[in-house]
Structure formats: structure tokens, C-alpha cells
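[1] Need coordinates for the below:
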Amino acid sequence: MRPSHGVRRACDRLPATLAPTQGELTERFTCVALVNGKDGKTVFDIGATAQVATPLLDMSARALTFHYQYAKGQPLAPIRQTLTIRNVSKLPLSCALRCPPPFTIDKPHLQLALFEGATLNVAFDPTCKGDLQSGVAKQKLQITYSDNPQVSRSRGAAAARGGRPSCG
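    I've put the predicted structure just below:
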């Protein structure tokens with residue numbers, strides 16, 4: 001990149017990177033003054049080093065299990081459980097959460113400060129299959145971090161017993 005600036009002008013640059021792994025990352029930054037379009041004098045040449053931290057979340061449960069027992073005359077309604085997620089990494093986290101049907105969550109986005117937690121409501125819909133057959137549905141909660149390429153997945157399971165539907 002070769003920006004053009006007038007005489008006695010300055011510019012600010014904010015480098016940003018996404019590292020696929022944790023650990024130490026080093027980048028070199030070189031500023032060369034161009035005079036009349038020709039390479040000129042090196043103004044600075046520095047190395048910047050950063051420690052890349054992996055997002056870490058502590059969840060109140062490794063799996064949620066939902067059981068639905070059909071009762072004649074009772075209306076079908078989603079079953080809900082709570083899941084608490086806490087940031088235990090070295091940096092604040094911003095993430096998007098997604099859970100495929102027949103599960104839903106009430107908070108699709110979270111911003112967590114250091115050691116801050118949030119409670120999600122996870123729901124299972126026993127009517128998703130539409131027949132009267134028992135079944136098992138297994139899906140994973142997907143967590144995508146807005147400032148990190150890592151994606152986390154946690155398994156959840158649901159079972160509908162007693163002749164009522166489940167997605168399987």
C-alpha cells in the first residue's frame with residue numbers, strides 16, 4: 001500500500017490481524033519516504049509482537065437433555081432450560097450464537113467482559129417433526145467470535161418419548 005500525503009502531513013495506521021492459533025505473533029512494519037515517486041529513505045522499520053489469546057468460555061453444562069412425555073389433552077409447548085456461559089479468557093469477548101432447529105436460544109449475540117457471564121434460555125420444540133413417533137434430536141450450539149477465527153461447538157440433545165414427535 002502506498003498512500004500519498006502532502007508535505008508535513010501525518011497519517012495514523014491501526015494494524016489488525018486474525019490469528020488462527022494462540023501464542024506469539026510478530027509482524028514487521030516499515031515506513032519508507034518516497035521522494036518524487038522514487039524509493040527514498042527508511043523512516044522506521046520495527047517489529048511488533050503480540051500475544052494471541054484463544055477465547056475461552058465456561059459453560060454451566062456440557063450438554064442439555066430435554067425429555068417430552070406426551071399426555072393426551074395437554075397442549076404441546078416448547079421445553080426450556082437455562083445455560084450459563086462465562087468468559088474465562090484473557091480478553092473481553094463478542095460472539096454470535098446459533099442453534100439449529102428444533103432448538104432455539106433467546107440471545108443470538110453476547111458481549112462478555114473478563115469473567116462476566118450470561119444466562120441463555122434454550123428451548124426444544126417437540127412439535128417440529130409433525131408425526132406421533134418418538135425420536136431423538138442432537139444439535140450443537142455454534143459460537144462464532146467476532147474478533148477471532150475460532151468457532152466453538154457444544155453438543156445438546158433432546159429426546160421425545162411416549163409417542164410424541166422429535167426431530168431426529
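[2] And the strands in this structure?
    Counting by DSSP state E, the chain has strands at residues 23-35, 38-52, 57-59, 65-69, 79-87, 93-98, 103-105, 109-112, 117-124, 135-145, 151-161.
[3] closest one to Asp12 among the ones you listed?
    strand 23-35 (12.2 Å; C-beta to C-beta). Quick note: C-beta positions are derived from backbone N, CA and C, even for glycine.
[4] Each with direction, which strands does that closest one pair with?
    Under the criterion DSSP bridges, strand 23-35 sits next to strand 38-52 (antiparallel) in its sheet.
[5] Can you name the residues in contact with the partner strand?
    15, 19, 21-34 (C-beta atoms under 8 Å, 6 or more residues apart in numbering).
[6] low pLDDT regions in the chain?
    Scanning the chain for pLDDT under 70 picks out 1-11, 13-21, 37, 39, 52-54, 132, 148-168.
[7] distance between stretch 85-105 and the chain's centre?
    5 Å (C-alpha atoms, centre = their mean, to the nearest Å).
[8] Let's see the distance spanning that stretch from one end to the other.
    13 Å (C-alpha to C-alpha, to the nearest Å).
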